[in-house]
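In: no FASTA, just this:
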Ligand code: 2HA
Ligand code: ZN
């Protein structure tokens, strides 16, 4: 009997998830079990792997996810620590399969590790993005200290204000996060309300700040999701450094300098 670990393409993807989980921990963005990851791996599996027998009874989803019927995801486990996901992704996460009618999911490999408490909201986002025709495979949520800190300041809780401020700290930020950031007012973690509010922001953005909680990024590639958050974090640190150095509001790049990046980089 072939094992799921014999699938090289899947294991390469799991390796990239473990790589990013390690970055989240070393960056100081993943205290205890902070953060969670889900990646759609359906296209990497054979028909046989996609129809592996369930390890546990089906669990209902809060909404029917018809754009995800039969799709398989790697999902980090509830209560699991990113630093251990990095070392042992199949002891700290699992593959789940959404049912054909999109109303439930079951664990299929490798062990029955219960998924993150944010699973329903991750799947709602995957479902929304796929239904929109966006080739989304990744939802990444993490707790970067500097970016969360900014969401405690009322004047930054405005998408245009915070996007412009972070873009204006270093040219790369405008290039790497071209859609800017969305902001979701505080909601209880793991709730359907938080998921709905996030999905509204995903209409226009790939990165969303959750007030006083964390950051969520979506995309085709987990390394690129990490890079977007990392670049925003770099901008925040430049802002804090410049403020500390002078005691004044940093100048930031001018609007013209920001605009000039658009044709130069085909944004
Ligand atoms: O997984 O970060 O938002 C723990 C969390 C919940
Ligand atoms: Zn969180």
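Out: Yep, it's here. The shown structure was predicted, so the numbers you read here are calculated from the model rather than taken from an experiment. Numbering: from 1, shown residues only. Ligands and ions are numbered 1, 2, ... in the order given.
In: The nearest residue in space to residue 38 that is not next to it in sequence: what secondary structure?
Out: Leaving aside its chain neighbours, residue 38 sits nearest to residue 122 (4.2 Å; criterion: Cβ to Cβ, 6 or more residues apart in numbering). C-beta: built from backbone N, CA, C; applies to glycine. What DSSP: H, G, I helix; E, B strand; the rest coil gives for residue 122 is helix.
In: ok, residue 122 to residue 235 distance?
Out: According to Cβ to Cβ, to the nearest Å, residue 122 and residue 235 sit 26 Å apart.
In: Count the residues that sit near the residue nearest to residue 38.
Out: Number of residues near residue 122 (other Cβ atoms under 10 Å) recorded here: 26.
In: Would you mind measuring from it to residue 37?
Out: Distance, residue 122 to residue 37, by Cβ to Cβ: 9 Å.
In: hey, what's in contact with both of the two?
Out: Shared contacts of residue 122 and residue 37 (Cβ atoms under 8 Å, 6 or more residues apart in numbering): 75, 139, 141.
In: Might you report the residue contacts of the nearest residue to residue 178 once chain neighbours are set aside?
Out: Nearest residue to residue 178 in three dimensions, chain neighbours excluded: residue 267, at 4.8 Å (Cβ to Cβ, 6+ apart). Counting by Cβ under 8 Å, 6+ apart, residue 267 touches 174-175, 178, 261.
In: just the strands in the protein please.
Out: 36-40, 59-60, 72-76, 93-98, 104-109, 138-142, 181-184, 207-210, 214-219 (DSSP state E).
In: so which of those gets nearest ligand 1?
Out: strand 36-40 (4.4 Å; Cβ to the nearest ligand atom).
In: and the closest one, does that touch ligand 1?
Out: Yes: counting by Cβ under 6 Å from any ligand atom, contacts between strand 36-40 and ligand 1 involve residue 36.
In: quick one: that strand to strand 93-98, angle?
Out: Here the directions of strand 36-40 and strand 93-98 differ by 50 degrees (axes from the mean of the first three to the mean of the last three Cα atoms, to 10 degrees).
In: Can you tell me the strand partners of strand 36-40 and which way each runs?
Out: As defined by DSSP bridges, the strand partners of strand 36-40 come to strand 72-76 (antiparallel), strand 138-142 (antiparallel).
In: Compute the inter-axis angle for that strand and strand 214-219.
Out: 10 degrees.
In: that older thread, correct me if wrong: the residue nearest to residue 38 contacts residue 137.
Out: No: counting by Cβ atoms under 8 Å, residue 122 does not reach residue 137; the two are 11.7 Å apart.
In: Now do the same contact list for the residue of the chain found nearest ligand 1.
Out: Nearest residue of the chain to ligand 1 (Cβ to the nearest ligand atom) works out as residue 189 at 3.9 Å. Contact analysis of residue 189 by Cβ under 8 Å, 6+ apart lists 117-118, 213.
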